[in-house]
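Colleague: Okay, here's the prediction I keep looking at, along with the sequence it came from:
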Amino acid sequence: MRDANQFFHLLRAVLFALTVMQVASVEGQEAKVAEAGPQSFLSLAQNPGLSRDHLRIIIKPLSEPELGKVAEIWRGYLQANLEQIASQRVFSREAHNALLDASRSQRDALFDQQRSLEFGYRDILSEWKVKGADPAAIKPHDLYLKAALKVTVRSIDTQYLRRSVERWLASPEGGVQVIFKVVGIGVAVWLLLLWAGFSRWVAERLLTRASSPSRILKKFLLQLVYWVNFLIFGLVLLAFVGVNVTPFFAIFGGISFILGFALQQTIGNLASGLMMMVLKPFDTGDTVKVAGTSGQVDEMSVVSTRIRTADNQIITIPNSMIWGDVITNVSASEMRRVDLVFRIDYSDSASHAIEILEDMIKTNPLCLKDPAPQVFVGELADSSVNLYCRPWVKREDYWTVYWGLTGVVKERFDAEGISIPFPQQDVHFIAK
C-alpha cells in the first residue's frame, strides 16, 4: 500500500508539472502577440526579425492582397541578404588568413539570417496560396525561392555545417530541447508502462477475491485492463504535451466501422469466446469433446480454442463452432464412471464371472467404494453374454483403471476357464 501511495504522489507531481509547462507555453505565445501593441498585423508581418512561430500567428488574419504585399517585401529581404552573402564569398577569396576568421563569423550570421528569411518567405507564400493567390502572381515568388535555396546550398561549406551543428547542440531551443523531449518521452513511456502494470496488478488482486473466475476469463480480463489503461493514459499524456488527440477518436471510430463489416465472422468468434469465458463450460486443462474433436484444452483466446489430442496433435477451433455445438466437459466432476463391457460364452456361468469382476474391483486400490461399483448382465447378444462393469474412480485415474482392468480381466478369465467368444454363426443344411 505504501508503494501505491508513493506511485500516486509521483504521478500527481509529474502531471502537475506538465500542466504548468503547457499553460506557460500558451501564455508565452499570447504575451508575444500582446507585446506587439496597437500596430497593424500588416506592418508587423514586414519585420524580418520575427520568429517563425510568431510570424505564422501574425499572417493568419491577413487578406490575399496584404499577403501579396508582404511577399514582395520579404523577397526584397531575401535578395538583399543573398547579395551580402555573395559579397562575403568574394571577400573571403581575396582576404588574407588573418581576416578569414572575422569573415567566417560574418558569413555564419548571414547564413543563419538566410535560413530564417527562407522559412518565413515560404510560410508567407503558403498562407498566400491558402487565401486564393493568383497563380500567375505567385509563380515568380516560387521560382525565386527555389533559386535562392539552390544558391544557399551551393554557398554553404562543411565548416559552416559543423559550426551550425555545434551551435544547435548547445542551443536551448535545439539540442538541449531535443534532449529534454527525449528524456520526457522516456519518462512518459516509463510512467505509462508502470501505470498499466499497476492497474493489472490491482485487477489481479481483485479477481483473486472473486468467486472462482476461470483461468481463461482471468487472463482475458487482465490483458483487457492492461491495454485499456495503456491506451487511456497514453492519450492523457499526449494531451498534456500539446498533441491534439481528437483525430485519434475519429480514427478509432472509422476503423471500428470498417472492421465491423470486414470481420463479421471474427466478431462472431469474439462474442462466442466472451460467452464461454463468462459461463465457463470448460477451462484450460479440462478434457472436452467439442466440434467432433476430443482432447485437453491447451489454450483459449477470444476468437479460437486450441485443443491437444491424446496423440499430441494441436487442433485450433473457432469459438463460434464450439459455442454452436454440444460441449461435453469430461473433467467437470472430480469422479468418473468407467464403463466396461466383457463378453462371455453362453456355456459359462454368468454369476461366477460377475464374482470375478467384483473381486477385481475390490482389490484395485484406484476403484472407489463410494459410489458403489456395479457389475451385472447387461445384454444377451447373438454370440455372447455381455457383462457390464461400472466402477467409479477419480478423474485423473480414469484411463489407468480402464486399461488396467481390461488387461487383467482377460488373464483372470483364462485362469478361471471362462472363455471370451468371438462372433460366429451356425449354418444348418436341410437334406431333402
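Modeller: In hand now; what should we look at? Residues are numbered from 1 along each chain as shown.

Colleague: how deep is Tyr121 tucked in, by neighbour count?
Modeller: Counted by other C-beta atoms under 10 Å, the residues lying close to Tyr121 total 23. (C-beta placed from N, C-alpha, C; glycine too.)

Colleague: can you check Glu355 too?
Modeller: For Glu355, the count of nearby residues is 13 (other C-beta under 10 Å).

Colleague: Helix or strand: which one has it?
Modeller: Applying DSSP states H and E as the criterion places Glu355 in helix 350-363.

Colleague: Tell me how confident the model is about stretch 383-394, as a mean pLDDT.
Modeller: On average, the pLDDT along stretch 383-394 is 94.

Colleague: Buried residues of it, list them for me.
Modeller: Using 16 or more other C-beta atoms under 10 Å as the burial criterion, the residues of stretch 383-394 that qualify are 384-385, 387-393.

Colleague: before we move on, what about stretch 339-355?
Modeller: Neighbour count says stretch 339-355 has 340, 342-344, 348, 350, 353-354 buried, by 16+ other C-beta under 10 Å.

Colleague: try stretch 308-316
Modeller: Using 16+ other C-beta under 10 Å as the test for burial, stretch 308-316 gives Ile315.

Colleague: Name the surrounding residues that touch that stretch.
Modeller: By C-beta atoms under 8 Å, 6 or more residues apart in numbering, the list of residues contacting stretch 308-316 from outside reads 293-296, 298, 304-307.

Colleague: Out of those, which comes closest to Ser43?
Modeller: Looking at the contacts of stretch 308-316 and their distance to Ser43, the nearest is Ser304, at 68.8 Å (C-beta to C-beta).

Colleague: didn't the closest one look like it was pressed against Ile317?
Modeller: Yes. The pair Ser304 and Ile317 qualifies as a contact (C-beta atoms under 8 Å) at a distance of 6.5 Å.

Colleague: what bits of the stretch 151-300 of the chain have low per-residue confidence?
Modeller: 154-176, 207, 209-217, 240-243, 249, 254, 256-267 (pLDDT under 70).

Colleague: Let me know the secondary structure of Leu222.
Modeller: The local conformation at Leu222, judged by DSSP: H, G, I helix; E, B strand; the rest coil, is helix.

Colleague: Share the number of residues neighbouring it, please.
Modeller: The local packing of Leu222 (other C-beta under 10 Å) involves 16 other residues.

Colleague: Distance from stretch 268-278 to the middle of the chain?
Modeller: The chain centre lies 20 Å from the centre of stretch 268-278; the measure is C-alpha atoms, centre = their mean, to the nearest Å.

Colleague: contacting residues around Phe248?
Modeller: Phe248 sits next to Leu235 when contact means C-beta under 8 Å, 6+ apart.

Colleague: Roughly how far does Ile315 sit from Asp286?
Modeller: When distance is defined by C-beta to C-beta, to the nearest Å, Ile315 is 15 Å away from Asp286.

Colleague: Show me what counts as buried in stretch 413-426.
Modeller: Of the residues in stretch 413-426, those with enough neighbours to count as buried (16+ other C-beta under 10 Å) are 413, 418, 421.

Colleague: For these, could you give me TSV that also reports secondary structure, distance to Lys369 and pLDDT?
Modeller: What follows is these, written out as TSV (DSSP: H, G, I helix; E, B strand; the rest coil; distance: C-beta to C-beta, whole Å; pLDDT from 0 to 100):
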residue	secondary structure	distance to Lys369	pLDDT
Phe413	helix	24	92
Ile418	coil	25	91
Pro421	coil	32	86
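
Colleague: Which one of those is nearest to Asn47?
Modeller: The shortest separation between Asn47 and any of the buried residues of stretch 413-426 is 111.1 Å, and it belongs to Phe413 (by C-beta to C-beta).

Colleague: my read: that closest one touches Met360, true?
Modeller: No. Under the criterion of C-beta under 8 Å, Phe413 is not in contact with Met360, lying 10.3 Å apart.

Colleague: helix or strand for the most centrally placed residue in the chain, which one?
Modeller: The geometric centre of the chain, computed from its C-alpha atoms, lies nearest to Trp227 (C-alpha atoms, centre = their mean), at 7.0 Å. Assessed by DSSP H and E, Trp227 sits inside helix 215-240.

Colleague: Find the residue ranges of the stretch 1-150 of the chain scoring beneath the pLDDT cut-off.
Modeller: In the prediction, the stretch 1-150 of the chain carries residues with pLDDT under 70 at positions 1-39, 89-105, 107-108.

Colleague: which residues in it form helices?
Modeller: 2-35, 41-44, 52-59, 64-94, 97-130, 135-155 (DSSP state H, counting those that start in this stretch).

Colleague: got the contact list for the second one?
Modeller: The list of residues contacting helix 41-44 from outside it, by C-beta under 8 Å, 6+ apart, reads 36, 50, 58-59, 61-62, 66, 69-70.
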